[in-house]
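**Student:** Sequence unavailable; structure follows:
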């Protein structure tokens, strides 16, 4: 890709240079020729006053030699023979100076009465007709050497060639740098994908390069974080399920102990002990094993307002389809938090997904962001039926009977994001009448307890919400729960 870009840039630049340099070189050559012949016309005009006064050979010779081109042998005067005089005598034609043009060309110019340029040995001859006092037409010949016609053309062509080469080299260098800027992030992304496929879960890609590659890097890092999170969830789920086996195993072990003596009883007790050992091994392995994320730098944080605006833009489209009213507040300024962008986006998606899954269509919801100096608080509220047992919803895997499809994994993701900054996650009743999920994100790694002690009264005034009694029906409290 890099060399393809360089080749394309080289070809385009070369065509542009040729398209401009060749016509410009031709123009320069034409200008040099015009300048040389204009000087020749001016030199020919210098002898015109003498021709208008006299046609005497000696005087004309002196006049010709007094000029610079005449002294250099480049000026000639051709005076035709005068008409027959009254006494019957006929004058002779005068040719003063070195002739280079043919007599035929001189005669043609005399008859035509206009200047002409003809080729001569070693250059060109300018033939300029001039009127004599007798009424005849003389021809002044000025020789222009080949070197004067092309004077400066070679230098101009060399300069143009140098400029063209410099442009080509510069464009190739710029294309190479652009190619490197595009290829290196792509190579890193490909290498990271291969490493992730081989099981190195700590692999992440720097979010740099062109916009498209940055987007791909963000998506890759988000995918890798999700993979790590999924693996961690699976291990914890395996540990939780295995832990649940301990209760029936304990009963089974007690029953086996009461079997008495005998080979069958001994075999049963041994099998129970082996099964209990295997369960303990599964729990210990699942708890101790962690994804290979040590030393991973997920980024220096993100702008919470920007991420929330982006995700709300996504969920607002679905809310419009379901007739839900949406309110967003507190995102009109930059709020930097020490949470990676993919992690915050995943937490928001989990909370907003809960709103859509566990509240009826048409239920309004809101997202508010508050900044208290040492912490950022994100409130996700809805007007749904609420959660009957918030503590049970926050406990991983504790699913309220009747809350079909709820596993607690969504809130667990949000809780981990908050706790990674020293914050916490709480569930309460919102002013909309439904659930309010509060995410406390510490900006300096401060714990929520310390933050509440130092700022408890101020935070209560600013972020507090009036608590309402949960609506009850004949069937009891509402049981909508988060997933």
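**Tutor:** Yes, it's here. Small disclaimer: the values here were computed from a predicted structure and weren't measured.

**Student:** ok, how many other residues are close to the spatially closest residue to residue 94 that is not a sequence neighbour?
**Tutor:** Closest residue to residue 94 apart from its sequence neighbours, by Cβ to Cβ, 6 or more residues apart in numbering: residue 79 at 3.9 Å. Quick note: C-beta positions are derived from backbone N, CA and C, even for glycine. Close neighbours of residue 79, defined as other Cβ atoms under 10 Å, add up to 24.

**Student:** got the contact list for residue 79?
**Tutor:** 51, 55, 60, 93, 94, 95, 96, 132, 136, 138 (Cβ atoms under 8 Å, 6 or more residues apart in numbering).

**Student:** do residue 146 as well
**Tutor:** 122, 123, 124.

**Student:** Would you report which members of these are assigned to strands?
**Tutor:** Residues of these located in strands (DSSP state E): 123, 124.

**Student:** Quickly name whichever of the contacts of residue 146 is closest to residue 354.
**Tutor:** residue 124 (93.6 Å; Cβ to Cβ).

**Student:** Next one, pLDDT for the residue nearest to residue 94 please.
**Tutor:** Note on residue 79: pLDDT of 84.

**Student:** That one and residue 193, how far apart?
**Tutor:** 94 Å (Cβ to Cβ, to the nearest Å).

**Student:** before we move on, what about residue 166?
**Tutor:** 41 Å.

**Student:** Helices of the stretch 101-250 of the chain, start to end?
**Tutor:** With helices called from DSSP state H, counting those that start in this stretch, the stretch 101-250 of the chain shows them at 103-112, 146-149, 153-197, 211-244, 246-257.

**Student:** Just send the ones you listed back as CSV, with mean pLDDT and distance to residue 350 too.
**Tutor:** Output for the helices of the stretch 101-250 of the chain, formatted as CSV (pLDDT from 0 to 100; distance: least, Cβ to Cβ, whole Å):
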stretch, mean pLDDT, distance to residue 350
helix 103-112, 85, 98
helix 146-149, 81, 84
helix 153-197, 81, 23
helix 211-244, 80, 11
helix 246-257, 66, 30
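
**Student:** For residue 151, list the residues it contacts.
**Tutor:** For residue 151, the contact set (Cβ under 8 Å, 6+ apart) comprises 32, 35, 36.

**Student:** quick check, the second one in a helix?
**Tutor:** Yes. Using DSSP: H, G, I helix; E, B strand; the rest coil, the secondary structure at residue 35 is a helix.

**Student:** for the closest residue to it other than its chain neighbours, phi and psi?
**Tutor:** Closest residue to residue 35 apart from its sequence neighbours, by Cβ to Cβ, 6+ apart: residue 151 at 7.9 Å. Dihedral pair for residue 151: phi -70, psi 120, per degrees, to the nearest 10.

**Student:** Please report the distance of residue 151 from residue 180.
**Tutor:** Residue 151 is 46 Å from residue 180, by Cβ to Cβ.

**Student:** again, but for residue 125
**Tutor:** Relative to residue 180, and taking Cβ to Cβ, residue 125 is found at 61 Å.

**Student:** With neighbour numbers in mind, choose between the two.
**Tutor:** Comparing residue 125 with residue 180 by other Cβ under 10 Å, the one with more neighbours is residue 125, at 23 against 13.

**Student:** Thought residue 109 was touching the more buried one, still the case?
**Tutor:** No. Using Cβ atoms under 8 Å as the test, residue 125 is too far from residue 109 to be in contact (10.1 Å).

**Student:** Show the contacting residues for residue 139.
**Tutor:** Contacts of residue 139 by Cβ under 8 Å, 6+ apart are 77, 78, 106, 109, 110, 127, 128, 129, 130.

**Student:** which residues does the closest residue to it other than its chain neighbours bridge with?
**Tutor:** Once flanking residues are discounted, residue 139 sits nearest to residue 78: 4.4 Å by Cβ to Cβ, 6+ apart. Under DSSP bridges, the beta-bridge partners of residue 78 are residue 95, residue 139.

**Student:** what about residue 78, neighbour count?
**Tutor:** Residue 78 has 24 nearby residues by other Cβ under 10 Å.

**Student:** Okay, it and residue 141: tell me how far apart.
**Tutor:** 7 Å.

**Student:** shared neighbours, those two?
**Tutor:** With Cβ under 8 Å, 6+ apart, residue 78 and residue 141 have common neighbours 99, 106.

**Student:** how about stretch 207-219: buried residues?
**Tutor:** Within stretch 207-219, the residues scored as buried using 16 or more other Cβ atoms under 10 Å are 207, 209, 213, 216, 217, 218.

**Student:** any chance of the residues you listed in JSON lines, with distance to residue 17 too?
**Tutor:** Formatted as JSON lines, the buried residues of stretch 207-219 follow (distance: Cβ to Cβ, whole Å):
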{"residue": "207", "distance to residue 17": "38"}
{"residue": "209", "distance to residue 17": "30"}
{"residue": "213", "distance to residue 17": "31"}
{"residue": "216", "distance to residue 17": "36"}
{"residue": "217", "distance to residue 17": "37"}
{"residue": "218", "distance to residue 17": "40"}
